[in-house]
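Q: kindly generate the corresponding structure for this input.
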Amino acid sequence: MSLFRTALLRIPRALPATTRSISTLDPLLYTATTMSTGSRASGTSATVEGNISVDTGMPKEMGGTKGPAGGMSNPEQLFGMAFGTCFLSALGAVQGQTAGAKPLPKSTTVRSLVSIGKPKDGTPGFKLGVELEVLTGPLKKAGLDQAGMEELLKKAHAMCPYSRAVAGNIVRTLSPPAPRFPAIATTDPGFARAQEVEIRLVDA
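A: Okay, here's the model as predicted:
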């Protein structure tokens, strides 16, 4: 049976100098492979190694009958875990590069809120909204004050590959829960209209 790998690329009409693709990763450190069948309304997604396998279903808010309460996962949950985990690593890396700084404690926590809905600007289809909340308690244990926490978030945001991947294409807010920190929130409702999408099927 042939295995097809689908590559979905969002390519701006004028490619910025920092645009990266799989061909420009040197060295390429790791590639995760997953298989998804069915649909987000009724399907299964799993890693090829078998360490992760989830059944997907629509949340009740989107017309589903079970949703997370019924044991069904959805792409928003999975994306939130991936983004949050990666951002958590970026926080630790940035802190580790700061001379004289204490390491972040293991209790450091990123809470991801991933929403899906219709774009307010009338763009067809759906768009994601993401909020990343970094709990302040563990950061304070590392000796960070409010200014230090804000600087840490900004630098982690610049380092995190997930932040880079979605830059300009989702509503993204990074903030300690209290007080909220909207200074580095970004949104670009015109981005989707400026994209050309190419889909390639490669027989592997």
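Q: all strands of the protein, in order?
A: Taking DSSP state E as the test, the strands found in the chain are 4-12, 34-37, 42-47, 53-57, 110-117, 127-134, 171-175, 195-203.
Q: same for the helix ranked longest in the chain, what does it pack against?
A: Among all segments of the chain classified by DSSP state H, the helix with the greatest residue count is helix 75-96. Under the contact definition 3 or more C-beta pairs under 8 Å, 6 or more residues apart in numbering; DSSP states H and E, helix 75-96 sits against strand 110-117, strand 127-134, helix 146-159, helix 161-166. For glycine as for every other residue, the C-beta is placed from the backbone atoms N, C-alpha and C.
Q: quick one on the thing from earlier: least reliable of the strands of the chain going by mean pLDDT?
A: Set side by side, the strands of the chain give their lowest mean pLDDT on strand 195-203, at a mean of 20.
Q: for the residue nearest the centre of the chain, what are its contacts?
A: Centroid check for the chain by C-alpha atoms, centre = their mean gives residue 83 as the closest residue, at 3.4 Å. Residues near residue 83 by C-beta atoms under 8 Å, 6 or more residues apart in numbering: 112, 114, 130, 132, 162, 166.
Q: how close does it sit to residue 27?
A: Between residue 83 and residue 27 the distance, using C-beta to C-beta, to the nearest Å, works out to 23 Å.
Q: then residue 52?
A: To residue 27, residue 52 is 25 Å away according to C-beta to C-beta.
Q: quick one, which of these two is more surrounded?
A: Shown here are residue 52 and residue 27; by other C-beta atoms under 10 Å, residue 52 has more neighbours (11 against 5).
Q: please pull out the lowest mean pLDDT helix or strand from this protein.
A: strand 195-203 (a mean of 20; mean pLDDT, DSSP states H and E).
Q: the closest residue to residue 133 other than its chain neighbours: neighbour count?
A: Distances taken as C-beta to C-beta, 6 or more residues apart in numbering put residue 111 closest to residue 133, at 4.2 Å, once the chain neighbours are dropped. Neighbour count of residue 111, defined by other C-beta under 10 Å: 12.
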